[in-house]
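[1] Here's my sequence, what's the structure:
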Amino acid sequence: MSTRIAFLKGHGTENDFVIVPDPDNTVDLSPATVAALCDRRAGIGGDGLLHVVRSAAHPEARSMAAEAEWFMDYRNGDGSIAEMCGNGVRVFARYLERAGHVSAGDVAVATRGGVKTVHIAKEGDITVGMGRALLPAGDVTVSVGGRSWPARNVNMGNPHAVAFVDDLAHAGDLLTPPPYSPAAAYPDGVNVEFVVDRGPRHVALRVHERGAGETRSCGTGACAVAVAAARRDGADPARTGTPVTYTVDVPGGTLVITERPDGEIEMTGPAVIVAEGVIETEWLENALG
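    Numbers count the residues shown, from 1 in each chain. So this is what the prediction gives:
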């Protein structure tokens, strides 16, 4: 392991991340290392970790190197690997801009969920092309305490179960994964969103992210919620030819989600870098002890 590991801390609508720049993929980030860094009391703290690697230097991204120079090797806060993180992509792009690797405008970022197109405005928010939503068939149910709700199965490169409820408090503490059925619908676990209406094409959510617990925001979750709400409301841009936009309030802020007639979903929101430093090697060795 490198004797000095640089890091930054950033967030997108308070979905926060430890950022580890490692262009040549030389830093050993084991699941235990990631979990230690993301620990909120004994580590730096974060919902996840953004490992910044050149696509050509990472075996999972080499096939995308011709399309995207940079690969977001994303890890959940418990050290497990995730396919995609929408808020993470915005923060990842903000880091690339800060480091001088890219300029404002359109940037391609490789992820395990494919290559994503990111637009960095000269001032203000960042927009991410999140790809198309898949809507697997079949009924899904999620439960908390003695309550159960039907949920919409939406895949945004990672799996989501979207349940519309009367009160966000019905989601409970979300410290543990809400039970769901059938189990076969999500063999690798699922992100669960509980949603209430705030107004026309305006909703609010709470989310349990697999591997992280309740988070202040989930970008792919906001996209899944917007798609589920649109279908519930009878809106399908592929049929009408008209884009549909939803405002999605998350505990950490607000995201704006647009589904285009071609199926592409765009997410717009803030991304902030708040600090940078160096990880103490002795601390990390003791933490992994």
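
[2] Tell me where the model's unsure across the stretch 151-289 of the chain.
    Scanning the stretch 151-289 of the chain with the threshold set as pLDDT under 70 gives no residue ranges.

[3] let's see 90
    Counting by pLDDT under 90, the stretch 151-289 of the chain contains low-confidence residues at 157-158, 175, 211-212, 281, 286-287, 289.

[4] Tell me where it has strands.
    Per DSSP state E, counting those that start in this stretch, the stretch 151-289 of the chain has strands spanning 159-164, 180-181, 191-199, 202-209, 213-215, 244-250, 253-259, 264-269, 272-279. These are given in chain order.

[5] could you dump those to TSV with mean neighbour count?
    Just so you know, the C-beta spots here come from the backbone N, C-alpha and C atoms, and that holds for glycine as well. Written out in TSV, the entries for these read as follows (neighbours: other CB atoms under 10 Å):
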stretch	mean neighbour count
strand 159-164	25
strand 180-181	17
strand 191-199	21
strand 202-209	23
strand 213-215	20
strand 244-250	21
strand 253-259	21
strand 264-269	21
strand 272-279	13
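
[6] which one of those lies closest to Val27?
    Val27 lies closest to strand 272-279 among those, at 9.7 Å (CB to CB).

[7] List the contacts of the closest one.
    Strand 272-279 has contacts (CB atoms under 8 Å, 6 or more residues apart in numbering) with 4-12, 19, 37, 44, 91, 94-95, 98.

[8] residues in contact with Gly131?
    Under the criterion of CB under 8 Å, 6+ apart, the contact partners of Gly131 comprise 113-114, 116, 156-157, 264-265.

[9] Any idea how far stretch 82-101 is from the middle of the chain?
    Averaging C-alpha positions (CA atoms, centre = their mean, to the nearest Å) puts stretch 82-101 11 Å from its chain's average.

[10] now do stretch 125-136
    Remark: stretch 125-136 is offset 11 Å from the chain centroid, using CA atoms, centre = their mean.

[11] Give me the buried positions along it.
    125-133 (16 or more other CB atoms under 10 Å).

[12] Could you do stretch 76-94 as well?
    76-80, 82-94.

[13] Using PDB, list the CA coordinates for that stretch.
    Backbone C-alpha positions of stretch 76-94 (Å, rounded to 0.1, in the frame of the first residue of the first chain) are rendered in PDB as follows:
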ATOM      1  CA  ASN A  76     -20.400   1.500  -1.000                       C
ATOM      2  CA  GLY A  77     -19.700   2.600   2.500                       C
ATOM      3  CA  ASP A  78     -19.400  -1.000   3.700                       C
ATOM      4  CA  GLY A  79     -16.700  -1.700   1.000                       C
ATOM      5  CA  SER A  80     -18.900  -3.600  -1.400                       C
ATOM      6  CA  ILE A  81     -18.900  -2.700  -5.100                       C
ATOM      7  CA  ALA A  82     -21.800  -0.900  -6.700                       C
ATOM      8  CA  GLU A  83     -22.700  -0.600 -10.400                       C
ATOM      9  CA  MET A  84     -23.500   3.100 -10.400                       C
ATOM     10  CA  CYS A  85     -24.100   6.200  -8.200                       C
ATOM     11  CA  GLY A  86     -25.800   9.200  -9.700                       C
ATOM     12  CA  ASN A  87     -24.700  11.700  -7.000                       C
ATOM     13  CA  GLY A  88     -21.300  10.200  -7.100                       C
ATOM     14  CA  VAL A  89     -20.900  10.800 -10.800                       C
ATOM     15  CA  ARG A  90     -21.600  14.500 -10.300                       C
ATOM     16  CA  VAL A  91     -19.000  14.700  -7.500                       C
ATOM     17  CA  PHE A  92     -16.600  12.700  -9.500                       C
ATOM     18  CA  ALA A  93     -16.900  15.200 -12.400                       C
ATOM     19  CA  ARG A  94     -16.500  18.100 -10.100                       C
END
